[in-house]
Each structure stands twice: as C-alpha cells, then as structure tokens.
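Colleague: no FASTA, just this:
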C-alpha cells in the first residue's frame, strides 16, 4: 500500500486492489499521486473526492485524468478507503505519455 498527501494535506491511500485497477487503465501510481496533489478541478461527492486535471504536452496531446478517492474510514488506525479508481476520460487505456509526462 502506498500513501501520500493530497493538495489539502489529507492522506491518500493506494491499496493493492486499486493499484491493479489503475494499471488496467494504463496508469502507474505516479500520475495518480500528481493529479491528487495538483488538480485544478476538485469536487466532493459524498465521502469521495473527484480530482481532475489535464496531463500532456502540446507535442503529445492532452488528456483529462480523473482520480476518485474515498475518504470514509476503513480499516485499522482511522485509515480511509483511499483511491477507488483513476483513468483517462474518453478512453479505456491512457496514452503512454501520461505516465512519462509526470515522471
């Protein structure tokens, strides 16, 4: 399990099952972390927060990356559920440049 602080200094957990899910969408943990830390569009939806930001470059193109994090309490020590999913909007698998752009 990985963890980091989001743009509001709240802990985000990335559990193994969610990591597998984001890998299926062509993402590594790094762009997921970056989106939660730098998103310019953040909306609260119940116990979840949806982070969105464009990733890319003029040469490679741009895609909107969406990350959903559930902050309800889950597990020992007051941990939250964490990342539910992350994906590029409008496509099943994110272009490879998404991982390298934030790397």
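Modeller: Ah, there it is. Keep in mind that what you see is a predicted model, and the values were worked out from it rather than measured. Numbering: from 1, shown residues only.

Colleague: quick one, strands of the chain?
Modeller: Ranges of strands within the chain are 2-5, 11-14, 41-45, 48-57, 61-73, 80-88, based on DSSP state E.

Colleague: and the contacts of stretch 83-97?
Modeller: 12-15, 18-19, 21-22, 24-27, 31-32, 35, 48, 52, 56-57, 60-61, 63-70, 98 (CB atoms under 8 Å, 6 or more residues apart in numbering). No exception for glycine: its C-beta is placed from N, CA and C like everyone else's.

Colleague: so which bits of that stretch are buried?
Modeller: Using 16 or more other CB atoms under 10 Å as the test for burial, stretch 83-97 gives 83, 84, 85, 86, 87, 88, 94, 95, 97.

Colleague: what do you get for stretch 66-76?
Modeller: For stretch 66-76, by 16+ other CB under 10 Å, it's 66, 67, 68, 69, 70, 71.

Colleague: okay if I get those residues as a markdown table plus distance to residue 39 and pLDDT?
Modeller: A markdown table is the format used below for those (distance: CB to CB, whole Å; pLDDT from 0 to 100):
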| residue | distance to residue 39 | pLDDT |
| --- | --- | --- |
| 66 | 9 | 98 |
| 67 | 8 | 98 |
| 68 | 12 | 98 |
| 69 | 11 | 98 |
| 70 | 16 | 98 |
| 71 | 15 | 96 |
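
Colleague: what about stretch 88-100, how long is it end to end?
Modeller: 14 Å (CA to CA, to the nearest Å).

Colleague: re earlier: okay if I get the strands of the chain as JSON lines plus distance to residue 102?
Modeller: Formatted as JSON lines, those follow (distance: least, CB to CB, whole Å):
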{"stretch": "strand 2-5", "distance to residue 102": "13"}
{"stretch": "strand 11-14", "distance to residue 102": "15"}
{"stretch": "strand 41-45", "distance to residue 102": "17"}
{"stretch": "strand 48-57", "distance to residue 102": "6"}
{"stretch": "strand 61-73", "distance to residue 102": "9"}
{"stretch": "strand 80-88", "distance to residue 102": "12"}
